[in-house]
Structure formats: structure tokens, C-alpha cells
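Undergrad: turn this into a structure:
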Amino acid sequence: MTEKYSLDFKMPYGACDCHHHIYNPKEFDATPYPAGMNWDGKPEHTMEDYRKLQFQSGFTRNVIIATSAYGYNRASDLDAMTKFGSNTTRIVGLLKKDITDEELLELHKKGMRGSRGYFMTEETIEDYLSLAPRFAKMGWHLDFMFSNAEETDLFLKHLSLLPCEIVVSHQACLHDVNDPYLPVFIKLLQEKRIWMKLSAIFRPIDIMGDMAGNTVYANEIARNIAVGEKLIEAAPDRLLWGSDWPFNWSNFSAETDMETLVKVLPEQIKDESIRHQILVENPAIVYGFDNEKL
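TA: Numbers count the residues shown, from 1 in each chain. As a prediction, this is how the structure comes out:
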């Protein structure tokens, strides 16, 4: 019998993991994005696998984020969404600018509320500039992540041209509390121009992780928690939380290390009322959850 984690705090009812992935190669073939990415031989991480960890951790809600394993192919995530149920689950996909309004409306009905943003090429920037006004009308958002300073600069350069809601994943990959981009993002949070996820706090400064297994995750978690404390102090009403399960680009274990992230939550977000705000209230706003239907 699956047992819940023994926690030193009470996980609030309605808590949402705002960033996790599903990889189900037995039912849905990988269609990687970028095209050269190789997912052959990677272990599967299914909706059923995540649901077990979700129960153990006490999360009520979850947001499935499009993974590079499937790129623009939405079939796997939509299948998982149907199984989870639309009262508690949302999807953030990866969409092209030529998607029709009819397709967007259909995806909205199925639980999608936004699209990922990658600053890999100039062409993708044009996609976002085209999609953002349409997303704004629907209450959708663009969810950005950065892997280097050049991508961060590109995002900041174009932010004023993006009228929809903006979510930044993984604490903007800020290196530490002395990162020169930290005050920039704090200002954007306080101006309510962006939302930010306290997610993937185990990741090393190199966003792709230490594939050789040499990373001391305790050090990385402590560094990211310190950054998060600055963000929480400045703008708790603009923050979300995400696990980044199943931790594909690290040596974190998809089977066991969700417990590590959950147990560190009281250290990461010390104040109980702020923890409730970040885990329950803010996600309800961003993803359109109805607290009355919990």
C-alpha cells in the first residue's frame, strides 16, 4: 500500500505542483524538439507514476508542462490530462504561431492554459510576438525558461511587446543572491509584469545539469533556496512552485527524490500563510482553477 510522506508541516489542500512532465513512450512515440534531441532509451515516466508521487506528497493539483520528448505533439499530455481530470489539472503546451483560433479554443476546453517559450532562434521570438495578443484575449500565458544570459537578455528585450501573462520557470535560472539579474526580475515581479516559479531547485548553475553525477544537490538546493528567499520577500503574490519531475536532466531520482523536494518546502517557504499563497492561491489565478470545486 502506498503511504504518504511523513512531513513536518501540513500540505495545504489545493496545493499545486505547477511544473512536471509526462513521458509515455509505450503509448506515444517521441517526437523530440529540437529535432536532434535523442530520447531513445530514456525511462518512461507516466501519468500513473506521477499520480503515486502526487498522493504521497499531498498535492491536489498539477500542471503538465510540454516536454522536449514530444515537442509540438500534444497527444501524450492530452491523454494524461483526460485521466487526471480537468478540475485539478492543466497543461502548458508548445504551440506554433499558425495554430488556428478554433484549435486554441478546443485546447482551452481540454485544459490547456498556455505555451512554453524557448529563445533558441529569432524565428521563435516571432512566434511569441504573434501568439501573445491571442493568448491575452483567452487569459493564457507564455511560460519561459532560459539556459544562458543571452536568452535572458533576449527575453528582457522583447518582454514589453508581449501583452499576455508571462510565467518564468526555474527562478529564471538565477545563479545566486548576487546575480545581477536578480534585482531586474524582482522589479518585474513587483510591477506584476511576470509570475515566477520556484521550481527545479535541485538544478546546478549549468541548466542541463551534471550528467556525470558529480553534483552535490544539497549545495544546489541551498543556493536556490537563498535566491527564492529574496523573491519571496519581494513578491510572494507573484510566485508559484514546481517540482520539475521526473528530473530528466539531472541525477535526481524520479522514483524517490520528490520526497526530498517536498520535505524541504518549509525551509524554502517558511511562512505558512505565504506557503498557502504560493501553493494554492497563486496557481488558481494563473491556471484558472476553481477553489469551489475542490
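
Undergrad: how about residues contacting stretch 113-132?
TA: 34, 65-66, 90-97, 99, 135, 139-146, 151, 154-155, 158, 161-165, 167, 286-288 (CB atoms under 8 Å, 6 or more residues apart in numbering). C-betas here are computed from N, CA, C, even on glycine.

Undergrad: cutoff 7 Å now
TA: The contact list for stretch 113-132 (CB atoms under 7 Å, 6 or more residues apart in numbering) reads 34, 65-66, 90, 92-97, 135, 140-144, 146, 151, 154-155, 158, 161-164, 287-288.

Undergrad: same question for stretch 134-143.
TA: Here stretch 134-143 has contacts from 92, 104, 108, 113-117, 128, 132, 162-167, 169, 286, 288, using CB under 7 Å, 6+ apart.

Undergrad: quick revisit: quick one: buried ones out of the contacts of stretch 113-132?
TA: 65-66, 90, 92-95, 135, 140-144, 146, 151, 154-155, 158, 162, 164, 287 (16 or more other CB atoms under 10 Å).

Undergrad: I'd like to know which of those residues are part of helices.
TA: 135, 151, 154-155, 158, 287 (DSSP state H).

Undergrad: show me the contacts for I22.
TA: 45-47, 50, 64, 76-77, 80.

Undergrad: rerun at 8 Å
TA: Contacts of I22 (CB under 8 Å, 6+ apart): 45-47, 50, 64, 67, 76-77, 80.

Undergrad: mind checking which of those residues are in strands?
TA: Judged by DSSP state E, the contacts of I22 include I64 as members of strands.

Undergrad: turn the contacts of I22 into CSV, including neighbour count.
TA: Below are the contacts of I22 laid out as CSV (neighbours: other CB atoms under 10 Å):
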residue, neighbour count
H45, 23
T46, 19
M47, 20
Y50, 24
I64, 25
T67, 22
S76, 25
D77, 27
A80, 22
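
Undergrad: would you format the contacts of I22 as CSV with pLDDT included?
TA: Supplementary listing: the contacts of I22 in CSV, determined by pLDDT from 0 to 100:
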residue, pLDDT
H45, 94
T46, 95
M47, 96
Y50, 97
I64, 98
T67, 92
S76, 96
D77, 97
A80, 96
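
Undergrad: let me know the closest of the contacts of I22 to N251.
TA: H45 (14.9 Å; CB to CB).

Undergrad: leaving out sequence neighbours, find the closest residue to the closest one.
TA: P246 (3.9 Å; CB to CB, 6 or more residues apart in numbering).

Undergrad: ok, that neighbour to G36 distance?
TA: 22 Å (CB to CB, to the nearest Å).

Undergrad: those two: which has the busier surroundings?
TA: P246 (25 against 6; other CB atoms under 10 Å).

Undergrad: tell me which residues touch that one, please.
TA: 20-21, 23, 45, 49-50, 254.

Undergrad: now it: how far from Y181?
TA: For P246 relative to Y181 (CB to CB), the value is 28 Å.

Undergrad: now F28
TA: 36 Å.

Undergrad: neighbour count: those two, which is higher?
TA: It is F28, of F28 and Y181, that has more neighbours when counted by other CB under 10 Å, with 20 against 16.

Undergrad: work out for me the element E233 sits within.
TA: helix 217-234 (DSSP states H and E).

Undergrad: average model confidence for that helix?
TA: Helix 217-234 comes out with an average pLDDT of 93.

Undergrad: and it, what's buried?
TA: In helix 217-234, the ones that count as buried by 16+ other CB under 10 Å are 217, 220-221, 223-225, 227-232, 234.

Undergrad: same deal with stretch 54-74?
TA: Neighbour-count burial for stretch 54-74 [16+ other CB under 10 Å]: 54, 56-71, 73-74.

Undergrad: stretch 134-144: end-to-end distance?
TA: Start and end residues of stretch 134-144 are separated by 17 Å (CA to CA, to the nearest Å).
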